[in-house]
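A.B. asks: What follows is a predicted structure for the sequence shown.
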There are 2 protein chains.
Amino acid sequence: MEETFPRSTPPRRATLKDVARAAGVSQSTTSRALSGEGYVAAAARDRIVAAADELGYVPHAMARSLRKQVSRSVGVLVSDLRNTFYADLAAGIAGRARSRGYTMMLVDDQGLLDQELHAAQAFVATRAAGVIVTPLSADVSTYLLRQRIPVVEVDRRFSAGACDAVVIDNASVARRMTDHLIALGHRRIALLIDETDWTTGSERFAGYTRSLADSGIPDDPSLVVSAGWDVGGARKAAVGILTRRDAPTAVFAANNLLAEGVWRAASDLGLRIPDDLSIVSFDDAQWMSMVSPGVTAIAQDAVALGEAAMDRLLDRIEDPDAAATTTVLEAQILPRGSTSAPRPA
Amino acid sequence: MEETFPRSTPPRRATLKDVARAAGVSQSTTSRALSGEGYVAAAARDRIVAAADELGYVPHAMARSLRKQVSRSVGVLVSDLRNTFYADLAAGIAGRARSRGYTMMLVDDQGLLDQELHAAQAFVATRAAGVIVTPLSADVSTYLLRQRIPVVEVDRRFSAGACDAVVIDNASVARRMTDHLIALGHRRIALLIDETDWTTGSERFAGYTRSLADSGIPDDPSLVVSAGWDVGGARKAAVGILTRRDAPTAVFAANNLLAEGVWRAASDLGLRIPDDLSIVSFDDAQWMSMVSPGVTAIAQDAVALGEAAMDRLLDRIEDPDAAATTTVLEAQILPRGSTSAPRPA
DNA sequence: CCTAGGTATGGCATCGTTGTCATACAGTGG
DNA sequence: CCACTGTATGACAACGATGCCATACCTAGG
């Protein structure tokens, strides 16, 4: 009998069976004692609990969820964790997940379609209780829904109607932002945008267009510039439009990367802000409050977005057959120094 | 017999048994066919594979890992996802995890000790293959190591020697940064710091002190200011030291939040940078390259830190009994406009 | 005294996989 | 013709937890 092991680090992790043996009762009783369901004599319970933490017993979550056929973990799929927006979103989800007793599996698909689908499969494999996703295509939701896994789309919608969604009112706030520029006296307002295929882009574009139309400003398609996905491209595109003979007096950047490009372009060209050029941004970023003048921006509360998505998901898990709903959160305009009346021509 | 269900959404997720039945073979054969281990006739394999994707079969990762007694998921515990440093770290880990076939459970402990321990327990419950943590105390590592779970500490070390760690050489780069200020002619250099209890703080402090000593500059403890954990506190502390009669000509902020406080304080006091005051920061933040002048900063590659930590963890999982090592990554000094020679007195 | 109901406990099947083992049928070399 | 080896398959027992069921005791009420 040389089975003496140091007491501090047991050779194997303790299981329910070990606790049962140590307490001198059956596994059934042990399970009941630790879960608090069913009859257990007080004395037995005490012995069992004592044995459990003597052995450092931690229930095996996977075994439990295999047996109970329910999972306490949710999958989260975002496009790019290095982008503050997604990181804040994840933070909001994480906070709610923890307080509701769920664990979070986080995957960053880097904006790649194949990784998005691959991640979805990983969520199915772990039998996630539900998934929150900032989708790149309708495929994820379709696939997960077919697998009977609740899905919530955040930030943008691809499967409108088929699954729940939590978004902000892009169109409305883009319109109000454009209204603000028009109220200051601007007539030539450029829109720098990445894409108009997703709901985010198309709605922002729609809000901008709507504002101009409502103010009776003639449509000028040349002022809407597709500026790519990175700062470099945005900078180039901004330089292009700002050096035109009929350059705009204000630029509306449809996200924070584009705003950075515009800011740098203005600096390249020696334009004074807001005297020579007004700049506004959809998405607030930290630098916008650090530079002078600060950049007037639309702030989405990404943390709140994440929290709302998690709440939605948990409701859905409780009631899988309820009708899909779309939750729309408010976004705020933060007026800063980058906007003023255009210079008289 | 009214068990007709729509073919598109099966009532229950398909299991190995379902695939086996559909292909007309046993579970054993099915398992062998899908895993590729052991003998399976070519014809049978084809039938099985066909049945599997007909049914949309996805193997149950938890059942598998229960049976095989190995897990393919790692736990990651960071202090605050909303802080870019941690988000980038997580992104680095996530990237490596995905490419190595692991899934990542992410928890944000919000800098709270009890949540840190709670998260550690959750990792044990899911039988994580390993854990990467930016620790708040030695307790996490101690607990997890006792539970035989490999741990890698990142950014700061609490359990030096007991577990692996991946950090940057805080002391050395802090010293070089201070040397840089001294080389420019500064003699009164303040250090704004949050804490000196963690390895990060104490090493940065040590590097600063060492640089001054090596240059023969007399020690002045009043120039080392404990500035709290948020921007507001840092701003106040900075205003305090900058309005002293013998105010420093340069300030070294030990992290990006403190740097923001200093920057705002300088703005409050109308100090011109770098003429009236030189500012340097440990930690680069996006705004530091957007403001003018830009802030000279120490850039840690948080993504690389995360990748290195994941690599370390996987090595450790493969060889649990190897000696614990500490990996030290380089950090870079990015010279920008916020530093110059002090104004002649 | 007998039964009913509350309390307390253990046995056992089960969740979905995997791997060991036993079995069976080739074909091959002695 | 008899081992023997290689191929192919299915039964079955795990992994760790739970929950149904049977069993057993005790007390109270008829």
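C.D. replies: Cool, got the structure.
A.B. asks: okay, CA-based contacts and neighbour counts for the rest of this
C.D. replies: Will do.
A.B. asks: Would you mind giving the secondary structure of residue A:248?
C.D. replies: Under DSSP: H, G, I helix; E, B strand; the rest coil, the three-state class of residue A:248 is coil.
A.B. asks: Could you measure from it over to residue A:196?
C.D. replies: 21 Å (Cα to Cα, to the nearest Å).
A.B. asks: doesn't residue A:231 make contact with residue A:257?
C.D. replies: Yes: look at residue A:257 against residue A:231 with Cα atoms under 8 Å: they come within range, at 5.5 Å.
A.B. asks: So which of these two has more stuff around it?
C.D. replies: residue A:257 (24 against 19; other Cα atoms under 10 Å in any protein chain shown).
A.B. asks: does that one count as helix, strand or coil?
C.D. replies: Going by three-state DSSP: residue A:257 is helix.
A.B. asks: Next up, the contacts around it.
C.D. replies: Residue A:257 is in contact with A:229-231, A:234, counting by Cα atoms under 8 Å, 6 or more residues apart in numbering or on different chains.
A.B. asks: Check residue A:185 too.
C.D. replies: A:341-342.
A.B. asks: So for it, what's the pLDDT?
C.D. replies: Among the per-residue scores, residue A:185 holds a pLDDT of 97.
A.B. asks: And it, how close does it get to residue A:30?
C.D. replies: For residue A:185 relative to residue A:30 (Cα to Cα), the value is 75 Å.
A.B. asks: Same check on residue A:319?
C.D. replies: From residue A:319 over to residue A:30 (counting by Cα to Cα), the distance is 32 Å.
A.B. asks: Neighbour count for those two, which is higher?
C.D. replies: residue A:30 (26 against 11).
A.B. asks: Name all residues that make contact with the more buried one.
C.D. replies: Contact analysis of residue A:30 by Cα under 8 Å, 6+ apart lists A:16, A:19-20, A:45, A:48.
A.B. asks: repeat for residue A:192
C.D. replies: Residue A:192 makes contacts with A:224-227, A:234, A:238, A:251-254, A:258, as judged by Cα under 8 Å, 6+ apart.
A.B. asks: With residue A:40 instead?
C.D. replies: With Cα under 8 Å, 6+ apart, residue A:40 has these contacts: A:29, A:32-33.
A.B. asks: go again using 6 Å as the cut-off
C.D. replies: residue A:33 (Cα atoms under 6 Å, 6 or more residues apart in numbering or on different chains).
A.B. asks: just residue A:128 next, same as before
C.D. replies: A:73-74.
A.B. asks: so it, which of the three states?
C.D. replies: coil.
A.B. asks: what about the residue positioned nearest the centre of chain A, which helix or strand?
C.D. replies: Nearest residue to the geometric centre of chain A (Cα atoms, centre = their mean): residue A:89, 3.6 Å. Assigned by DSSP states H and E, residue A:89 falls within helix A:84-99.
A.B. asks: before we move on, back to that, can you add distance to residue A:80 and give the contacts of residue A:257 back as a markdown table?
C.D. replies: Shown next, in a markdown table, are these (distance: Cα to Cα, whole Å):
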| residue | distance to residue A:80 |
| --- | --- |
| A:229 | 13 |
| A:230 | 13 |
| A:231 | 15 |
| A:234 | 19 |
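A.B. asks: Compare the residues you listed and tell me which is most surrounded.
C.D. replies: residue A:234 (28 neighbours).
A.B. asks: re the thing from before, which one of residue A:248 and residue A:196 has more residues nearby?
C.D. replies: residue A:248 (21 against 14).
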